[in-house]
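Trainee: only the shape, not the letters, is given here:
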């Protein structure tokens, strides 16, 4: 039993020593402020991801169509004072989406590579010229 008393006394002393190391009220306040800011940041980033996910569903050809409709619609809104601004927005969207469509570095739908277990796979057969080159390249000179 004396070992249990010593152990209990040692644990009590450790707990009392840790009480002196409690964070100050200012540090606790800063911690709660950081925690709340982190939660707000998580909510904002989740909403940004949701908006980006929805925007990724819109294709460039749909943007071109929308810009054309904005330009066409600007002629109808001319009397309300919005026509000029709708026309500017349509032209800007037309130029931006047209440039992205023509000069975009992304791969088109026909150029996507398929991956399976980390390897690129292709279902298209090899061309005749590639087969002949491979055949001549695999032959060893005598």
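Mentor: Perfect, thanks for sending it. These numbers come from a predicted model, not from an experiment.
Trainee: okay, now the domains of the protein?
Mentor: Split into domains by automatic domain parsing, the chain comes to 1-57, 58-103.
Trainee: can you tell me what sits against the lowest-mean-pLDDT helix or strand in the chain?
Mentor: When the helices and strands of the chain are scored by mean pLDDT, DSSP states H and E, strand 114-116 comes last with a mean of 79. For strand 114-116, contacts defined as CB atoms under 8 Å, 6 or more residues apart in numbering pick out 120, 121, 122. The way it works is simple: take the backbone N, C-alpha and C, and place the C-beta from them, glycine included.
Trainee: equivalent analysis for stretch 26-34, please.
Mentor: residue 23.
Trainee: list the buried residues in it.
Mentor: When burial is assessed from 16 or more other CB atoms under 10 Å, stretch 26-34 yields no buried residues.
Trainee: name the single longest helix found in the chain.
Mentor: Counting residues, the longest helix found in the chain (DSSP state H) is helix 25-55.
Trainee: run a quick neighbour tally on residue 139.
Mentor: 7 (other CB atoms under 10 Å).
Trainee: same question, residue 82
Mentor: Using other CB under 10 Å, residue 82 is surrounded by 14 other residues.
Trainee: show me the contacts for it.
Mentor: Counting by CB under 8 Å, 6+ apart, residue 82 touches residue 74.
Trainee: got the residue ranges for the strands in this structure?
Mentor: For the chain, the strands defined by DSSP state E cover 114-116, 119-121.
Trainee: where do the helices sit along the chain?
Mentor: Listed in chain order, the helices of the chain (DSSP H) span residues 2-19, 25-55, 60-74, 83-103, 128-138.
Trainee: would you turn these into a markdown table with mean pLDDT?
Mentor: Shown next, in a markdown table, are the helices of the chain (pLDDT from 0 to 100):
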| stretch | mean pLDDT |
| --- | --- |
| helix 2-19 | 82 |
| helix 25-55 | 91 |
| helix 60-74 | 91 |
| helix 83-103 | 89 |
| helix 128-138 | 81 |
